[in-house]
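> Predicted coordinates and the sequence they were generated for:
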Amino acid sequence: MAENGKNSGLPEGAATEFEDAMSYGDYLGLERLLTCQEPRSEQHDEMLFVIIHQATELWLKLVLHELGAAMTHIRADDLPPAFKMLARVSRIQAQLIQSWDVLSTLTPADYMTFRAVLGNASGFQSHQYRLIEFTLGNKNPAMLEPHRHDRAIHARLNAALDAPSLYEEAICLLARRGLGIDSEQIKMDWRKTHQPDESVRRAWLAVYRDTEAHWDLYELAEKLVDLEDRFQQWRFQHMTTVARIIGDKRGTGGTSGVSYLRHALDMRFFPELWDVRTEL
């Protein structure tokens with residue numbers, strides 16, 4: 001008989017008694033996490049649909065956690081920690097992009113077996129996705145409407161509209177560094193989406209033309225471009241996956257489906273960072 005775990009297949013010294021101690025499952029709240037999948041039909045493929053979207057929301061929560069901390073460091077002109085956080089967001093985005101490959105195993109015939117049980121539920125209503133868009137700068141007060149029924153979420157979204165976006169924090173940093181940002185860019189209505197500005201374009205151009213003198217700003221610029229690049233890849237994969245599954249049909253929740261997603265591909269968060277590339 002094995003004694004003290006020897007020859008039992010357990011790692012030597014592995015804890016096995018948890019009556020009065022915290023286990024792995026306790027720490028992660030796995031009982032709650034693994035019982036919150038509640039498909040509304042008996043169809044096999046609905047579990048895939050539920051888990052993909054729940055896992056996405058967990059990743060979005062981490063993205064917001066990292067973006068919020070990165071913005072705090074940018075405001076404090078403490079860029080190295082912000083770089084690490086923004087790089088982590090890019091890695092998370094890679095995971096989100098990859099998740100569309102898993103969802104694309106859902107065929108149109110599979111999806112139609114349970115689509116009716118979704119009712120008006122739609123990913124369009126994800127408040128965390130909307131918070132990320134607001135945080136990155138795509139601000140639209142009309143997007144508050146689907147969340148008016150939940151006061152806490154509505155208030156959080158409204159606060160994000162009123163606050164500077166990640167890019168606007170970067171522009172404020174350019175101004176503090178004396179790079180000639182027009183005062184209107186600092187004293188603007190933060191609820192509006194940033195529009196291309198000549199003073200911002202000139203400032204980023206100066207950064208890219210003398211990277212040695214502005215190395216940390218150059219690195220920040222490239223981290224921002226990474227974020228938008230990955231975000232566009234995510235949007236594209238979203239669009240093609242939806243097209244593969246439902247074609248041009250309207251989405252759940254009344255959205256226009258693929259046409260709405262195709263239009264989203266034209267949106268830019270950091271326009272001047274893309275424009276300066278033509279001039280370098």
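Yep, it's here.

> contacts, neighbours, all on C-alpha from now
Noted.

> Was I right to think G247 contacts V258?
Yes: using CA atoms under 8 Å, G247 makes contact with V258 at a distance of 7.4 Å.

> So for those two, which residue has more residues nearby?
Applying other CA atoms under 10 Å to G247 and V258 shows that V258 carries more neighbours, namely 22 against 15.

> Correct me if wrong: that one contacts V242.
Yes: counting by CA under 8 Å, V258 does reach V242; the two are 6.5 Å apart.

> residues of the biggest helix by length in the chain that come out buried?
In terms of residue count, the longest helix belonging to the chain (DSSP state H) is helix 215-246. For helix 215-246, burial by neighbour count (16 or more other CA atoms under 10 Å) applies to 216-221, 223-228, 230-246.

> cool, stretch 263-277 as well?
268-273, 276.

> Among those residues, pick out the one closest to N138, please.
N138 lies nearest to F269 out of those, by CA to CA, at 6.3 Å.

> I'd like the distance between that closest one and L67.
Counting by CA to CA, to the nearest Å, the separation of F269 from L67 is 14 Å.

> now D216
Counting by CA to CA, the gap from D216 to L67 is 18 Å.

> Averaged pLDDT, stretch 229-241. What do you get?
Taken as a whole, stretch 229-241 carries a mean pLDDT of 95.

> Figure out how far that stretch is from the centre of its chain.
12 Å (CA atoms, centre = their mean, to the nearest Å).

> and if you look at stretch 25-36?
Put simply, stretch 25-36 sits 24 Å off its chain's centre (CA atoms, centre = their mean).

> Stretch 206-215 too?
29 Å.

> same check, this time on stretch 273-280
25 Å.
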